[in-house]
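[1] predicted model and sequence below, questions to follow.
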Amino acid sequence: MDTKKFCSLPEEELKAVLRGRMNEHRFEHSLNVAERAVFLAEKYGADPEKAYFAGLIHDICKGIPSEEQLAMIKAEGIEPDEDTLKSPALWHSIAGAIYAEHELCVSDEDVLNAVRYHTSGRGNMSILEKVIYMADLTSAERNYPDAEYTRNLTDKSLDEGIAYGVRWIAGDLERRGLPKGKDTEALLKEYENVKITE
C-alpha cells in the first residue's frame with residue numbers, strides 16, 4: 001500500500017519506524033489491526049487504504065513510557081481532564097495522533113481522529129473511526145473473554161459490534177475501578193438503544 005498518500009514515509013520505512021517504537025507483539029498487533037481494518041472498511045464503506053494506514057499506526061506511541069505520552073499531550077497545549085489523568089491507558093491514543101501529525105506529517109483529520117479515539121471511542125464517530133475502534137478490539141490475536149463473540153458480531157453488524165464492545169469495555173473499566181471518561185460515556189449513550197440480536 002502506498003502509505004505516502006497519507007504520510008511522509010513509504011510503507012517499509014513506516015514499518016521500520018513502528019518496529020523501533022514497539023515490541024514484536026505490539027508490531028504484530030498493529031499488522032493485524034491494519035488487516036482487520038481493511039476487511040471492515042470494505043464491508044461497511046470506509047476507505048480501505050485509509051483504514052489500513054490508520055490501523056498500522058494506531059499504537060505508534062503505545063510502546064513509549066506513559067510519562068512521555070503525557071508530556072507530549074501537555075506540550076501540545078492539551079490539558080487532560082481528571083478522568084483522562086486517571087486513565088494512562090488512554091494517553092497513547094492522544095499522543096499517537098500528535099506524533100502522526102507532527103512526525104509523520106499526517107494531515108487527514110479522519111485518520112488523526114481514528115488514532116486519537118481508537119481506545120476511548122466517542123459520540124458521532126465517522127465510519128473510519130468506528131472501523132479502527134472495532135478493528136483494534138477484534139484483531140486476530142485478541143483473546144480476552146468474549147473476543148470471538150465480539151469479532152463474529154462485528155462481522156454481522158458494525159453497530160451491534162460497537163454496542164456490545166463499548167458495553168464490555170465499560171464493564172471492564174468499572175470492575176477495575178477506573179472511570180469511563182466522557183468520550184466512552186458519550187459512545188455508550190449513543191448506542192444504548194442498539195439491540196444485540198444474537
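    Yes, it's here.

[2] from here on, just use CA atoms for contacts and neighbour counts.
    OK.

[3] for the most centrally placed residue in the chain, give me phi and psi.
    By C-alpha atoms, centre = their mean, the chain has its centre lying nearest to His118, at 2.2 Å. In terms of degrees, to the nearest 10, the main-chain angles of His118 are phi -70, psi -20.

[4] how about the nearest residue to it, chain neighbours excluded?
    Of all residues beyond its chain neighbours, the one nearest His118 is Tyr133 (4.5 Å), with distances taken as C-alpha to C-alpha, 6 or more residues apart in numbering.

[5] can you show me the CA trace of the helix or strand where the one you found lies as CSV?
    Under the criterion of DSSP states H and E, Tyr133 resides in helix 127-137. C-alpha atoms of helix 127-137 as CSV (Å, rounded to 0.1, in the frame of the first residue of the first chain):
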residue,chain,number,x,y,z
ILE,A,127,-17.1,5.3,9.6
LEU,A,128,-13.3,5.2,9.7
GLU,A,129,-13.2,5.9,13.4
LYS,A,130,-15.7,3.1,14.0
VAL,A,131,-13.7,0.7,11.8
ILE,A,132,-10.4,1.4,13.7
TYR,A,133,-12.1,1.2,17.1
MET,A,134,-13.6,-2.2,16.3
ALA,A,135,-10.5,-3.5,14.3
ASP,A,136,-8.4,-2.8,17.4
LEU,A,137,-10.9,-4.6,19.7
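
[6] chain center to that helix: distance?
    6 Å (C-alpha atoms, centre = their mean, to the nearest Å).

[7] pull out the buried positions in the longest helix along the chain.
    Taking DSSP state H as the criterion, the chain has its longest helix at helix 24-44. Using 16 or more other C-alpha atoms under 10 Å as the burial criterion, the residues of helix 24-44 that qualify are 26-41, 44.

[8] ok, now stretch 148-165?
    Neighbour-count burial for stretch 148-165 [16+ other C-alpha under 10 Å]: 150-151, 153-155, 158-165.

[9] sorry, back to before: now for the longest helix of the chain, which elements pack on it?
    helix 48-57, helix 127-137 (3 or more C-alpha pairs under 8 Å, 6 or more residues apart in numbering; DSSP states H and E).

[10] any idea which of the ones you listed gets closest to Lys86?
    Smallest distance to Lys86 across the helices and strands packed on helix 24-44 (C-alpha to C-alpha): 21.1 Å, for helix 127-137.

[11] and stretch 12-19, what's its mean pLDDT?
    Averaged across stretch 12-19, the pLDDT comes to 97.

[12] pull that stretch out as CSV, backbone CA atoms only.
    Extracted in CSV, the C-alpha atoms of stretch 12-19 (Å, rounded to 0.1, in the frame of the first residue of the first chain):
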residue,chain,number,x,y,z
GLU,A,12,8.6,-0.3,4.5
GLU,A,13,10.2,2.8,6.1
LEU,A,14,7.0,3.3,8.2
LYS,A,15,7.1,-0.3,9.4
ALA,A,16,10.7,0.2,10.4
VAL,A,17,9.7,3.2,12.5
LEU,A,18,6.9,1.1,14.1
ARG,A,19,9.3,-1.7,14.8
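
[13] ok, and what's touching the helix holding Tyr133?
    Outside helix 127-137, the residues that touch it by C-alpha atoms under 8 Å, 6 or more residues apart in numbering are 33-34, 36-37, 40-41, 44-47, 50-51, 54-55, 110-111, 113-115, 117-119, 121, 147, 154, 158, 161-162, 165.
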